[in-house]
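Enquirer: One predicted model, sequence on top.
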Amino acid sequence: MRNKFILSVLLLFVGTGLLWAQFWKDYDDAHRKSVGEAYYLAGKQYQAVGDAAKGSDYIAIAKLIYPQLDPAAIKDETLPSAAELLAQGRATAIGAGASSLPTATLSSFFLRFTGALLDENAVAVSGFLDGSVYLGKWGQEVSRADSVPQLQAFFDAAPLKGKTPSEVFNLDSIVVTKAPQSMQNAWGETYTLSVKSSADFSTYTPLWDQTQQYYLRKVGGSWYIFAFGQNPPPLTWKPQTAMVVVAAAPVETADSAATTAIQDAFAASMGSLLNKDVDGGIAVMSANIRFLRLRQTVTRDELKTTLQGYFDNTDFGQAGVADVIDQGSIFVQSADSPVDGISGPVYVLNVKSKMDLSASIPYWSTYQKYYFVQEDDAWKVFAIL
């Protein structure tokens, strides 16, 4: 079963560098173990806040980095319960000993922060920031709310689309250091995280440096970035209180015919998958499907092979579509295509799941988006988020 699982992951990951050119291949065992644990913890934190698919992705990569990974042996910290986690990922408790460093915790925090950057999601990135962030290069602060339009302007200009974390940051260079006692006294539990850049985006923002330093502090059990740059804030400076930035609500499409056809196609696909009818389940899929979270495009035949491998060891029991999907959450809206080269109107079906099927359907998550375009008078899924 384990080999089939890894094979299924590889079918989705191999071919476009999602394994980040196996950046860990030259690591010694100790380093692979440390990095693998960081990815495992990032995955558990994603799962605990409802993103089962991304959590599974990170855990799968952790096991590829360090196949001997033993979650019970991770000593850097104790994993929190789901109830203790915030939407942006609450940090875990530090292990015994005053000198212990929460390296894996802050590395997983940084991996999730990088993921939000690569998603070009300004609101999600702002969720990793304290109420305001001190910019050491200029000796000024920017509030979390004000950071959103500035981040969006950066995303609009910088060529981040399609990048992988190792193409932006040298993940081998992450160093976590406990801040001096004077900083602990001023801001509470504080650490610095430094990392070297793999790419140069200084053309798009003057804040970009080849070696970056983030100041992180723990507030109410969660980690936040409160300063950035080589120069720390004055000890008398205090970050503002963090206020949640809410994204604008989507607008539903008024095309009722398209809405009905897309909902019917989705329901038929789900029904077939629950019956382990792979051909029926992928009939709604386009010839090529882009998995946006994975940044991977697979063919319909590759997806068929992957699903068949999962279904060999899957029993959905008597579960029906209404058991696994919150049908009241489904809505269809017009959308811009997240994939280049798509012609014709694009619609996205948004849905919330009621059951976790990520162990059997690799692209499954709590909140899902299926992007449809019309092909030969039928609505087909060409991208999934």
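Expert: Cool, got the structure.
Enquirer: Distance check, the residue nearest the centre of the chain against Lys161.
Expert: In the chain, the centroid-proximal residue (Cα atoms, centre = their mean) is Gly115; its distance is 5.0 Å. From Gly115 across to Lys161, the span is 14 Å (Cβ to Cβ, to the nearest Å). Every C-beta, even on glycine, is put in place using the N, C-alpha and C of the backbone.
Enquirer: May I ask which helix or strand of this protein has the lowest mean pLDDT?
Expert: Ranking every helix and strand in the chain by mean pLDDT, DSSP states H and E puts strand 93-94 at the bottom, with a mean of 28.
Enquirer: Can you tell me the closest non-neighbouring residue to Val278?
Expert: Nearest non-adjacent residue to Val278, counting by Cβ to Cβ, 6 or more residues apart in numbering: Leu307, 5.0 Å away.
Enquirer: That neighbour: neighbour count?
Expert: 22 (other Cβ atoms under 10 Å).
Enquirer: Need the per-residue pLDDT for it.
Expert: The score at Leu307 is 77. That number is its pLDDT.
Enquirer: Going toward the C-terminus from the helix or strand hosting it, what's the next helix or strand?
Expert: For Leu307, the host element (DSSP states H and E) is helix 300-311. Per DSSP H and E, helix 300-311 leads on to helix 321-324 as the next helix or strand towards the C-terminus.
Enquirer: Tell me the buried residues in the helix or strand that that next one is followed by?
Expert: Going down the chain from helix 321-324, the next helix or strand is strand 325-334, by DSSP H and E. Within strand 325-334, the residues that qualify as buried by neighbour count (16 or more other Cβ atoms under 10 Å) are 325, 330, 332-333.
Enquirer: Relative to Arg217, which of those residues is nearest.
Expert: Within the buried residues of strand 325-334, proximity to Arg217 (Cβ to Cβ) peaks at Gln333, which comes in at 38.5 Å.
Enquirer: Could you report the neighbour count for Asn350?
Expert: 17.
Enquirer: how about the CA coordinates for the one helix or strand it maps to, as CSV?
Expert: Assigned by DSSP H and E, Asn350 belongs to strand 346-353. Provided in CSV are the C-alpha atoms of strand 346-353 (Å, rounded to 0.1, in the frame of the first residue of the first chain):
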residue,chain,number,x,y,z
VAL,A,346,-14.8,29.9,-17.7
TYR,A,347,-16.8,29.0,-14.7
VAL,A,348,-15.7,27.7,-11.3
LEU,A,349,-17.7,25.4,-9.1
ASN,A,350,-17.0,26.0,-5.4
VAL,A,351,-17.8,23.2,-2.9
LYS,A,352,-17.2,22.2,0.7
SER,A,353,-16.7,18.5,1.5
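Enquirer: That strand - contacts with which helices or strands?
Expert: Here strand 346-353 touches helix 256-274, strand 325-334, strand 367-375, going by 3 or more Cβ pairs under 8 Å, 6 or more residues apart in numbering; DSSP states H and E.
Enquirer: can you rerun that using 10 Å?
Expert: With contacts taken as 3 or more Cβ pairs under 10 Å, 6 or more residues apart in numbering; DSSP states H and E, strand 346-353 sits against helix 256-274, strand 325-334, strand 367-375, strand 378-384.
Enquirer: Out of these, name the one with the poorest average pLDDT.
Expert: strand 325-334 (a mean of 75).
Enquirer: Tell me the strands beside that strand, with direction?
Expert: strand 346-353 (antiparallel) (DSSP bridges).
Enquirer: can you state the direction angle for the partner strand and helix 256-274?
Expert: If you take axes from the mean of the first three to the mean of the last three Cα atoms, to 10 degrees, strand 346-353 sits at 50 degrees to helix 256-274.
Enquirer: now strand 346-353, how far from the chain's geometric center?
Expert: 18 Å (Cα atoms, centre = their mean, to the nearest Å).
Enquirer: for the record, mean pLDDT for it?
Expert: Mean predicted confidence for strand 346-353 is 81.
Enquirer: And stretch 151-171, by the same measure?
Expert: According to the model, stretch 151-171 has a mean pLDDT of 83.
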